[in-house]
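>>> Structure for this input, please:
(4 chains)
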Protein chains: 2
Amino acid sequence: MKRGQHHGALRQLLIDTALGLLDRDGVEAVTIRAVARASGVSHAAPANHFADRRALLTALAVQCFIDLRTGASAARAAASPSPRARIIAFADAYVAYALAHPNRYRMMWRMDMLDPGDRALADLVDGLYAGVEEDVRALRGKDAHNAGDATTLLIALSSVVHGYVAMRIDGNFVAAIDETSGKPRHEAIIEQMIGQ
Amino acid sequence: MKRGQHHGALRQLLIDTALGLLDRDGVEAVTIRAVARASGVSHAAPANHFADRRALLTALAVQCFIDLRTGASAARAAASPSPRARIIAFADAYVAYALAHPNRYRMMWRMDMLDPGDRALADLVDGLYAGVEEDVRALRGKDAHNAGDATTLLIALSSVVHGYVAMRIDGNFVAAIDETSGKPRHEAIIEQMIGQ
DNA sequence: GTCATCCGATTGACAGCGTCAATACAAGGG
DNA sequence: CCCTTGTATTGACGCTGTCAATCGGATGAC
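You can find the predicted model right below:
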(Lines give C-alpha, C1' and ligand atoms only; values in the text may rest on other atoms or scores of the structure.)
Protein backbone atom coordinates (compact mmCIF):
# COMPACT_ATOMS: atom_id res chain seq x y z
CA MET A 1 0.00 0.00 0.00
CA LYS A 2 1.73 3.07 -1.26
CA ARG A 3 0.01 6.00 0.31
CA GLY A 4 -0.84 5.26 3.90
CA GLN A 5 -2.99 2.62 5.50
CA HIS A 6 -6.36 3.77 4.29
CA HIS A 7 -5.57 6.83 2.29
CA GLY A 8 -8.48 7.86 0.14
CA ALA A 9 -11.16 6.31 2.30
CA LEU A 10 -11.65 9.35 4.50
CA ARG A 11 -11.20 11.67 1.56
CA GLN A 12 -14.09 10.08 -0.31
CA LEU A 13 -16.18 9.93 2.86
CA LEU A 14 -15.62 13.65 3.38
CA ILE A 15 -16.65 14.39 -0.20
CA ASP A 16 -19.81 12.33 0.07
CA THR A 17 -20.70 13.87 3.41
CA ALA A 18 -20.04 17.34 2.06
CA LEU A 19 -22.31 16.71 -0.93
CA GLY A 20 -25.05 15.71 1.48
CA LEU A 21 -24.65 18.90 3.46
CA LEU A 22 -24.49 20.90 0.24
CA ASP A 23 -27.71 19.42 -1.10
CA ARG A 24 -29.50 19.91 2.18
CA ASP A 25 -28.35 23.33 3.34
CA GLY A 26 -26.37 25.01 0.59
CA VAL A 27 -22.73 25.85 0.20
CA GLU A 28 -22.67 28.00 3.33
CA ALA A 29 -23.27 24.87 5.37
CA VAL A 30 -20.28 23.09 3.87
CA THR A 31 -17.72 24.05 6.50
CA ILE A 32 -14.70 21.96 7.24
CA ARG A 33 -15.80 21.48 10.81
CA ALA A 34 -19.36 20.54 9.90
CA VAL A 35 -18.15 18.01 7.35
CA ALA A 36 -15.71 16.56 9.84
CA ARG A 37 -18.41 16.37 12.49
CA ALA A 38 -20.86 14.67 10.15
CA SER A 39 -18.13 12.26 9.12
CA GLY A 40 -17.30 11.35 12.70
CA VAL A 41 -13.73 12.62 12.72
CA SER A 42 -12.01 15.47 14.49
CA HIS A 43 -12.23 18.99 13.16
CA ALA A 44 -8.67 18.97 11.84
CA ALA A 45 -8.73 15.58 10.16
CA PRO A 46 -9.85 16.95 6.77
CA ALA A 47 -6.67 19.03 6.61
CA ASN A 48 -4.78 15.88 5.67
CA HIS A 49 -6.82 15.59 2.48
CA PHE A 50 -7.80 19.16 1.66
CA ALA A 51 -5.45 22.03 2.27
CA ASP A 52 -8.30 24.39 3.09
CA ARG A 53 -11.99 24.92 2.57
CA ARG A 54 -11.37 26.21 -0.94
CA ALA A 55 -9.69 22.93 -1.86
CA LEU A 56 -12.61 20.94 -0.46
CA LEU A 57 -15.17 22.95 -2.42
CA THR A 58 -13.03 22.67 -5.54
CA ALA A 59 -13.00 18.90 -5.19
CA LEU A 60 -16.79 18.94 -4.86
CA ALA A 61 -17.10 21.13 -7.94
CA VAL A 62 -14.86 18.80 -9.94
CA GLN A 63 -17.03 15.87 -8.95
CA CYS A 64 -20.21 17.73 -9.91
CA PHE A 65 -18.84 18.94 -13.23
CA ILE A 66 -17.91 15.36 -14.08
CA ASP A 67 -21.44 14.25 -13.25
CA LEU A 68 -22.98 17.06 -15.28
CA ARG A 69 -20.77 16.50 -18.28
CA THR A 70 -21.24 12.75 -18.16
CA GLY A 71 -25.01 13.07 -18.03
CA ALA A 72 -25.36 15.73 -20.67
CA SER A 73 -22.84 14.12 -23.01
CA ALA A 74 -24.57 10.76 -22.67
CA ALA A 75 -27.92 12.32 -23.51
CA ARG A 76 -26.35 14.02 -26.52
CA ALA A 77 -24.75 10.79 -27.70
CA ALA A 78 -28.00 8.90 -27.29
CA ALA A 79 -29.92 11.40 -29.41
CA SER A 80 -30.38 11.08 -33.13
CA PRO A 81 -27.24 12.07 -35.04
CA SER A 82 -28.75 15.34 -36.23
CA PRO A 83 -26.90 18.32 -34.74
CA ARG A 84 -30.18 19.94 -33.74
CA ALA A 85 -31.41 16.91 -31.82
CA ARG A 86 -28.05 16.48 -30.12
CA ILE A 87 -27.89 20.10 -29.00
CA ILE A 88 -31.41 19.95 -27.61
CA ALA A 89 -30.78 16.64 -25.85
CA PHE A 90 -27.64 18.07 -24.28
CA ALA A 91 -29.41 21.21 -23.12
CA ASP A 92 -32.32 19.20 -21.75
CA ALA A 93 -30.03 17.02 -19.66
CA TYR A 94 -28.03 20.06 -18.55
CA VAL A 95 -31.13 21.89 -17.37
CA ALA A 96 -32.47 18.76 -15.70
CA TYR A 97 -29.24 18.26 -13.75
CA ALA A 98 -29.12 21.86 -12.58
CA LEU A 99 -32.75 21.91 -11.48
CA ALA A 100 -32.38 18.56 -9.74
CA HIS A 101 -29.28 19.72 -7.83
CA PRO A 102 -29.65 23.48 -7.46
CA ASN A 103 -27.17 23.83 -4.60
CA ARG A 104 -24.58 21.83 -6.49
CA TYR A 105 -25.06 23.88 -9.63
CA ARG A 106 -24.79 27.14 -7.73
CA MET A 107 -21.62 26.00 -6.02
CA MET A 108 -20.08 24.94 -9.33
CA TRP A 109 -20.03 28.55 -10.49
CA ARG A 110 -18.97 30.17 -7.22
CA MET A 111 -15.58 30.86 -8.71
CA ASP A 112 -14.74 33.15 -5.83
CA MET A 113 -15.00 30.17 -3.49
CA LEU A 114 -13.16 27.73 -5.74
CA ASP A 115 -9.53 27.41 -6.72
CA PRO A 116 -9.11 29.26 -10.02
CA GLY A 117 -5.75 27.57 -10.58
CA ASP A 118 -7.11 24.03 -10.34
CA ARG A 119 -6.29 22.32 -13.63
CA ALA A 120 -8.97 19.65 -13.42
CA LEU A 121 -11.68 22.19 -12.72
CA ALA A 122 -10.53 24.54 -15.48
CA ASP A 123 -10.39 21.71 -17.98
CA LEU A 124 -13.89 20.56 -17.07
CA VAL A 125 -15.33 24.04 -17.41
CA ASP A 126 -13.55 24.60 -20.70
CA GLY A 127 -14.62 21.24 -22.08
CA LEU A 128 -18.21 21.31 -20.89
CA TYR A 129 -19.60 22.08 -24.34
CA ALA A 130 -16.93 20.21 -26.31
CA GLY A 131 -19.44 17.94 -28.01
CA VAL A 132 -21.93 20.70 -28.62
CA GLU A 133 -19.24 22.74 -30.31
CA GLU A 134 -18.98 20.05 -32.99
CA ASP A 135 -22.74 20.09 -33.42
CA VAL A 136 -22.80 23.84 -33.80
CA ARG A 137 -20.09 23.74 -36.43
CA ALA A 138 -21.92 20.99 -38.28
CA LEU A 139 -25.10 23.06 -38.09
CA ARG A 140 -23.37 26.17 -39.38
CA GLY A 141 -21.63 24.23 -42.11
CA LYS A 142 -24.77 22.83 -43.68
CA ASP A 143 -27.16 25.64 -42.87
CA ALA A 144 -25.35 28.91 -43.50
CA HIS A 145 -28.37 31.10 -43.97
CA ASN A 146 -28.29 32.01 -40.30
CA ALA A 147 -26.20 35.00 -39.40
CA GLY A 148 -23.38 34.81 -36.86
CA ASP A 149 -20.31 32.68 -36.64
CA ALA A 150 -20.23 29.33 -34.89
CA THR A 151 -18.36 30.61 -31.85
CA THR A 152 -20.97 33.29 -31.29
CA LEU A 153 -23.74 30.71 -31.48
CA LEU A 154 -21.96 28.41 -29.06
CA ILE A 155 -21.49 31.24 -26.60
CA ALA A 156 -25.10 32.25 -27.04
CA LEU A 157 -26.23 28.72 -26.30
CA SER A 158 -24.07 28.29 -23.22
CA SER A 159 -25.07 31.74 -21.99
CA VAL A 160 -28.77 31.19 -22.38
CA VAL A 161 -28.64 27.75 -20.79
CA HIS A 162 -26.62 28.98 -17.82
CA GLY A 163 -28.67 32.14 -17.44
CA TYR A 164 -31.99 30.33 -17.69
CA VAL A 165 -30.95 27.76 -15.14
CA ALA A 166 -29.54 30.37 -12.77
CA MET A 167 -32.77 32.35 -12.91
CA ARG A 168 -34.92 29.26 -12.46
CA ILE A 169 -32.85 28.14 -9.48
CA ASP A 170 -33.19 31.58 -7.91
CA GLY A 171 -36.94 31.44 -8.44
CA ASN A 172 -37.06 34.34 -10.87
CA PHE A 173 -39.26 32.41 -13.21
CA VAL A 174 -40.93 29.05 -13.20
CA ALA A 175 -41.31 26.06 -15.46
CA ALA A 176 -43.68 26.88 -18.32
CA ILE A 177 -44.74 25.77 -21.76
CA ASP A 178 -44.07 27.99 -24.75
CA GLU A 179 -47.44 28.93 -26.20
CA THR A 180 -46.68 28.74 -29.89
CA SER A 181 -44.47 25.65 -29.90
CA GLY A 182 -46.10 23.77 -27.03
CA LYS A 183 -42.72 22.70 -25.76
CA PRO A 184 -40.97 23.45 -22.47
CA ARG A 185 -39.77 27.02 -22.50
CA HIS A 186 -36.07 26.27 -22.45
CA GLU A 187 -36.47 23.90 -25.37
CA ALA A 188 -38.38 26.51 -27.33
CA ILE A 189 -35.62 29.01 -26.66
CA ILE A 190 -32.88 26.66 -27.82
CA GLU A 191 -34.80 25.63 -30.93
CA GLN A 192 -35.39 29.22 -31.87
CA MET A 193 -31.69 30.02 -31.49
CA ILE A 194 -30.46 27.14 -33.63
CA GLY A 195 -33.15 27.57 -36.24
CA GLN A 196 -35.88 25.13 -37.14
CA MET B 1 -36.07 65.51 14.23
CA LYS B 2 -38.17 62.43 14.48
CA ARG B 3 -35.78 59.55 14.39
CA GLY B 4 -32.72 60.25 16.50
CA GLN B 5 -30.03 62.85 16.28
CA HIS B 6 -28.31 61.75 13.12
CA HIS B 7 -30.24 58.75 12.08
CA GLY B 8 -29.50 57.76 8.54
CA ALA B 9 -26.03 59.26 8.45
CA LEU B 10 -24.29 56.17 9.73
CA ARG B 11 -26.56 53.94 7.75
CA GLN B 12 -25.55 55.54 4.48
CA LEU B 13 -21.91 55.63 5.54
CA LEU B 14 -22.04 51.91 6.23
CA ILE B 15 -23.57 51.25 2.84
CA ASP B 16 -20.97 53.32 1.03
CA THR B 17 -18.14 51.72 2.98
CA ALA B 18 -19.56 48.28 2.31
CA LEU B 19 -19.76 48.98 -1.42
CA GLY B 20 -16.10 49.96 -1.33
CA LEU B 21 -15.15 46.72 0.37
CA LEU B 22 -17.37 44.79 -2.02
CA ASP B 23 -15.77 46.33 -5.10
CA ARG B 24 -12.28 45.76 -3.78
CA ASP B 25 -12.43 42.31 -2.20
CA GLY B 26 -15.74 40.69 -3.06
CA VAL B 27 -18.78 39.83 -1.02
CA GLU B 28 -16.83 37.61 1.35
CA ALA B 29 -15.03 40.72 2.60
CA VAL B 30 -18.27 42.49 3.43
CA THR B 31 -18.54 41.45 7.06
CA ILE B 32 -20.33 43.52 9.63
CA ARG B 33 -17.17 43.96 11.63
CA ALA B 34 -15.04 44.91 8.65
CA VAL B 35 -17.60 47.48 7.53
CA ALA B 36 -17.82 48.89 11.04
CA ARG B 37 -14.03 49.02 11.30
CA ALA B 38 -13.66 50.78 7.96
CA SER B 39 -16.39 53.19 8.99
CA GLY B 40 -14.68 54.04 12.27
CA VAL B 41 -17.42 52.75 14.55
CA SER B 42 -17.62 49.88 16.98
CA HIS B 43 -18.34 46.38 15.78
CA ALA B 44 -21.90 46.41 17.09
CA ALA B 45 -22.92 49.83 15.82
CA PRO B 46 -24.28 48.51 12.50
CA ALA B 47 -26.81 46.43 14.41
CA ASN B 48 -28.82 49.59 14.98
CA HIS B 49 -29.34 49.94 11.23
CA PHE B 50 -29.14 46.40 9.90
CA ALA B 51 -30.57 43.49 11.83
CA ASP B 52 -27.89 41.15 10.56
CA ARG B 53 -25.43 40.64 7.76
CA ARG B 54 -28.18 39.42 5.47
CA ALA B 55 -30.03 42.70 5.91
CA LEU B 56 -26.88 44.67 5.13
CA LEU B 57 -26.22 42.72 1.94
CA THR B 58 -29.86 43.05 0.96
CA ALA B 59 -29.63 46.83 1.32
CA LEU B 60 -26.53 46.80 -0.88
CA ALA B 61 -28.30 44.69 -3.48
CA VAL B 62 -31.28 47.04 -3.49
CA GLN B 63 -28.97 49.98 -4.08
CA CYS B 64 -27.18 48.17 -6.90
CA PHE B 65 -30.39 47.02 -8.57
CA ILE B 66 -31.61 50.62 -8.52
CA ASP B 67 -28.37 51.74 -10.15
CA LEU B 68 -28.54 49.00 -12.76
CA ARG B 69 -32.16 49.62 -13.59
CA THR B 70 -31.70 53.36 -13.70
CA GLY B 71 -28.73 53.10 -16.05
CA ALA B 72 -30.19 50.50 -18.36
CA SER B 73 -33.60 52.15 -18.47
CA ALA B 74 -32.04 55.52 -19.24
CA ALA B 75 -30.04 54.02 -22.08
CA ARG B 76 -33.20 52.39 -23.40
CA ALA B 77 -35.15 55.63 -23.18
CA ALA B 78 -32.39 57.55 -24.92
CA ALA B 79 -32.30 55.13 -27.83
CA SER B 80 -34.37 55.56 -30.98
CA PRO B 81 -37.99 54.57 -30.42
CA SER B 82 -37.66 51.37 -32.41
CA PRO B 83 -38.12 48.34 -30.17
CA ARG B 84 -35.00 46.72 -31.58
CA ALA B 85 -32.79 49.71 -30.81
CA ARG B 86 -34.22 50.04 -27.32
CA ILE B 87 -33.67 46.41 -26.46
CA ILE B 88 -30.10 46.55 -27.69
CA ALA B 89 -29.40 49.79 -25.84
CA PHE B 90 -30.81 48.29 -22.65
CA ALA B 91 -28.74 45.15 -23.00
CA ASP B 92 -25.61 47.15 -23.78
CA ALA B 93 -25.99 49.24 -20.65
CA TYR B 94 -26.83 46.16 -18.59
CA VAL B 95 -23.72 44.32 -19.74
CA ALA B 96 -21.60 47.41 -19.25
CA TYR B 97 -22.79 47.83 -15.67
CA ALA B 98 -22.16 44.20 -14.80
CA LEU B 99 -18.69 44.15 -16.31
CA ALA B 100 -17.80 47.46 -14.65
CA HIS B 101 -18.95 46.22 -11.23
CA PRO B 102 -18.46 42.46 -11.28
CA ASN B 103 -18.50 42.01 -7.50
CA ARG B 104 -21.67 44.02 -7.23
CA TYR B 105 -23.37 42.06 -9.98
CA ARG B 106 -22.35 38.74 -8.44
CA MET B 107 -23.66 39.82 -5.06
CA MET B 108 -26.97 40.94 -6.55
CA TRP B 109 -27.80 37.36 -7.50
CA ARG B 110 -26.51 35.65 -4.37
CA MET B 111 -30.06 34.95 -3.31
CA ASP B 112 -28.85 32.59 -0.63
CA MET B 113 -27.10 35.53 1.06
CA LEU B 114 -29.95 38.01 0.61
CA ASP B 115 -33.35 38.32 2.22
CA PRO B 116 -35.81 36.55 -0.05
CA GLY B 117 -38.70 38.22 1.72
CA ASP B 118 -37.49 41.77 1.12
CA ARG B 119 -40.23 43.53 -0.82
CA ALA B 120 -38.04 46.24 -2.35
CA LEU B 121 -35.54 43.70 -3.63
CA ALA B 122 -38.22 41.41 -5.03
CA ASP B 123 -39.92 44.30 -6.79
CA LEU B 124 -36.66 45.45 -8.33
CA VAL B 125 -35.82 42.00 -9.61
CA ASP B 126 -39.31 41.52 -10.98
CA GLY B 127 -39.35 44.92 -12.63
CA LEU B 128 -35.83 44.86 -14.04
CA TYR B 129 -37.02 44.19 -17.59
CA ALA B 130 -40.30 46.07 -17.33
CA GLY B 131 -39.45 48.44 -20.19
CA VAL B 132 -37.97 45.73 -22.33
CA GLU B 133 -41.13 43.71 -21.93
CA GLU B 134 -43.04 46.45 -23.75
CA ASP B 135 -40.47 46.48 -26.50
CA VAL B 136 -40.68 42.75 -26.93
CA ARG B 137 -44.46 42.89 -27.18
CA ALA B 138 -44.23 45.71 -29.71
CA LEU B 139 -41.72 43.68 -31.67
CA ARG B 140 -43.89 40.58 -31.63
CA GLY B 141 -46.94 42.58 -32.56
CA LYS B 142 -45.55 44.07 -35.74
CA ASP B 143 -43.18 41.28 -36.72
CA ALA B 144 -44.97 38.01 -36.16
CA HIS B 145 -42.96 35.91 -38.53
CA ASN B 146 -40.68 34.88 -35.67
CA ALA B 147 -41.75 31.84 -33.74
CA GLY B 148 -42.33 31.86 -30.00
CA ASP B 149 -44.50 33.96 -27.77
CA ALA B 150 -43.40 37.25 -26.27
CA THR B 151 -42.89 35.87 -22.79
CA THR B 152 -40.57 33.21 -24.11
CA LEU B 153 -38.55 35.81 -25.97
CA LEU B 154 -38.32 38.03 -22.90
CA ILE B 155 -37.11 35.12 -20.81
CA ALA B 156 -34.66 34.17 -23.52
CA LEU B 157 -33.29 37.69 -23.56
CA SER B 158 -32.94 38.02 -19.82
CA SER B 159 -31.43 34.53 -19.62
CA VAL B 160 -28.84 35.14 -22.29
CA VAL B 161 -27.87 38.52 -20.90
CA HIS B 162 -27.52 37.19 -17.37
CA GLY B 163 -25.75 34.05 -18.49
CA TYR B 164 -23.37 35.91 -20.77
CA VAL B 165 -22.47 38.40 -18.07
CA ALA B 166 -22.04 35.70 -15.43
CA MET B 167 -19.71 33.76 -17.69
CA ARG B 168 -17.74 36.86 -18.63
CA ILE B 169 -17.35 37.86 -15.01
CA ASP B 170 -16.11 34.41 -14.12
CA GLY B 171 -13.60 34.59 -16.95
CA ASN B 172 -15.10 31.76 -18.95
CA PHE B 173 -14.92 33.79 -22.11
CA VAL B 174 -13.60 37.17 -23.09
CA ALA B 175 -14.76 40.21 -24.99
CA ALA B 176 -14.79 39.49 -28.71
CA ILE B 177 -16.18 40.71 -32.00
CA ASP B 178 -18.65 38.57 -33.90
CA GLU B 179 -17.01 37.70 -37.22
CA THR B 180 -19.97 37.99 -39.52
CA SER B 181 -21.63 41.05 -38.03
CA GLY B 182 -18.51 42.88 -36.86
CA LYS B 183 -20.27 43.85 -33.66
CA PRO B 184 -19.49 42.99 -30.03
CA ARG B 185 -20.47 39.43 -29.39
CA HIS B 186 -23.25 40.14 -26.93
CA GLU B 187 -24.83 42.59 -29.35
CA ALA B 188 -24.64 40.06 -32.15
CA ILE B 189 -26.34 37.50 -29.93
CA ILE B 190 -29.16 39.86 -28.98
CA GLU B 191 -29.70 40.99 -32.55
CA GLN B 192 -29.90 37.44 -33.76
CA MET B 193 -32.47 36.60 -31.10
CA ILE B 194 -34.77 39.50 -31.86
CA GLY B 195 -34.40 39.24 -35.62
CA GLN B 196 -32.85 41.72 -37.96
C1' DG C 1 -33.85 75.41 33.41
C1' DT C 2 -34.29 70.80 34.80
C1' DC C 3 -35.41 66.20 34.31
C1' DA C 4 -37.00 61.93 32.16
C1' DT C 5 -36.88 59.42 28.07
C1' DC C 6 -35.10 57.19 24.25
C1' DC C 7 -32.24 56.23 20.37
C1' DG C 8 -27.75 55.21 18.98
C1' DA C 9 -23.13 53.78 20.08
C1' DT C 10 -19.94 51.12 22.97
C1' DT C 11 -18.12 47.29 25.50
C1' DG C 12 -17.99 42.62 26.55
C1' DA C 13 -19.16 38.03 26.02
C1' DC C 14 -20.30 33.58 23.55
C1' DA C 15 -20.14 29.96 20.07
C1' DG C 16 -18.68 28.71 15.56
C1' DC C 17 -15.50 29.18 11.90
C1' DG C 18 -10.64 28.37 9.31
C1' DT C 19 -6.17 27.46 10.22
C1' DC C 20 -1.81 26.30 12.39
C1' DA C 21 1.30 23.80 15.77
C1' DA C 22 2.20 20.11 18.66
C1' DT C 23 1.18 15.59 19.73
C1' DA C 24 -0.27 10.73 19.49
C1' DC C 25 -0.60 6.61 16.97
C1' DA C 26 -0.24 2.85 13.61
C1' DA C 27 2.07 0.68 9.77
C1' DG C 28 6.11 -0.46 6.89
C1' DG C 29 11.01 -0.52 5.80
C1' DG C 30 15.87 -0.35 7.26
C1' DC D 1 14.03 -3.13 16.90
C1' DC D 2 13.76 1.35 15.81
C1' DC D 3 12.53 4.94 12.98
C1' DT D 4 10.36 7.20 9.31
C1' DT D 5 6.02 8.36 7.20
C1' DG D 6 1.34 9.41 6.96
C1' DT D 7 -3.11 9.98 9.47
C1' DA D 8 -5.84 11.65 13.22
C1' DT D 9 -6.33 14.25 17.61
C1' DT D 10 -6.04 18.07 20.74
C1' DG D 11 -5.50 22.72 21.64
C1' DA D 12 -4.90 27.31 20.50
C1' DC D 13 -5.34 31.80 17.81
C1' DG D 14 -7.95 35.42 15.62
C1' DC D 15 -11.77 36.12 12.98
C1' DT D 16 -16.84 36.14 12.41
C1' DG D 17 -22.12 37.08 13.74
C1' DT D 18 -24.95 37.94 17.41
C1' DC D 19 -26.73 39.06 21.95
C1' DA D 20 -26.87 41.55 26.55
C1' DA D 21 -25.68 45.26 29.35
C1' DT D 22 -24.20 49.81 29.55
C1' DC D 23 -23.24 54.49 28.42
C1' DG D 24 -24.15 59.11 26.35
C1' DG D 25 -26.21 62.74 24.27
C1' DA D 26 -30.14 65.06 22.26
C1' DT D 27 -35.30 65.63 22.48
C1' DG D 28 -39.35 66.84 24.55
C1' DA D 29 -42.23 67.75 28.80
C1' DC D 30 -42.75 70.43 32.60
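>>> longest helix of chain A?
Looking across chain A with DSSP state H, the single longest helix is helix A:53-78.
>>> Which neighbouring elements make contact with that one?
With contacts taken as 3 or more Cβ pairs under 8 Å, 6 or more residues apart in numbering or on different chains; DSSP states H and E, helix A:53-78 sits against helix A:9-25, helix A:32-39, helix A:83-100, helix A:102-108, helix A:119-126, helix A:130-142. To be clear about C-beta, it is placed using only N, CA and C from the backbone, and glycine gets the same treatment.
>>> Let me see the domain layout of chain A.
A:1-50, A:52-194 (automatic domain parsing).
>>> closest one to DNA strand D among these?
Among the domains of chain A, the nearest to DNA strand D by Cβ to the nearest atom of the strand is domain A:1-50 (2.7 Å).
>>> For residue B:15, which of the domains of chain A is the nearest?
The closest of these to residue B:15 is domain A:52-194. By Cβ to Cβ, the value is 21.2 Å.
>>> Give the rounded mean pLDDT of the closest one.
For domain A:52-194, the mean pLDDT works out to 94.
>>> Would it count as contacting DNA strand D?
No. Taking Cβ under 7 Å from any atom of the strand as the criterion, domain A:52-194 and DNA strand D are apart, separated by no less than 11.7 Å.
>>> most neighbours per residue, which of the domains of chain A?
Comparing the domains of chain A by mean neighbour count (mean count of other Cβ atoms under 10 Å in any protein chain shown), domain A:52-194 ranks first with a mean of 18.
>>> That one: end-to-end distance?
Taking Cα to Cα, to the nearest Å, domain A:52-194 runs 43 Å from one end to the other.
>>> ok, back up a step: just send the domains of chain A back as JSON lines, with distance to residue B:112 too.
Compiled in JSON lines, the domains of chain A are given as follows (distance: least, Cβ to Cβ, whole Å):
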{"stretch": "domain A:1-50", "distance to residue B:112": "5"}
{"stretch": "domain A:52-194", "distance to residue B:112": "7"}
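>>> Output those domains as JSON lines; include the columns distance to DNA strand C.
Shown next, in JSON lines, are these (distance: least, Cβ to the nearest atom of the strand, whole Å):
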{"stretch": "domain A:1-50", "distance to DNA strand C": "3"}
{"stretch": "domain A:52-194", "distance to DNA strand C": "3"}
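>>> among these, which is nearest residue B:137?
Counting by Cβ to Cβ, residue B:137 lies closest to domain A:52-194 out of the domains of chain A; the figure is 13.3 Å.
>>> Now find how far off-centre the closest one is within its chain.
Centroid displacement of domain A:52-194 relative to its chain, using Cα atoms, centre = their mean, to the nearest Å, is 7 Å.
>>> for stretch A:45-62, same thing?
19 Å.
>>> what's near enough to touch residue A:128?
Counting by Cβ atoms under 8 Å, 6 or more residues apart in numbering or on different chains, residue A:128 makes contact with A:65, A:68, A:69, A:158.
>>> brain fart, residue A:169
Applying Cβ under 8 Å, 6+ apart, we find residue A:169 in contact with A:98, A:99, A:102, A:105, A:106.
>>> That one and residue A:91: what is the separation?
Noted for residue A:169: a distance of 16 Å to residue A:91, by Cβ to Cβ, to the nearest Å.
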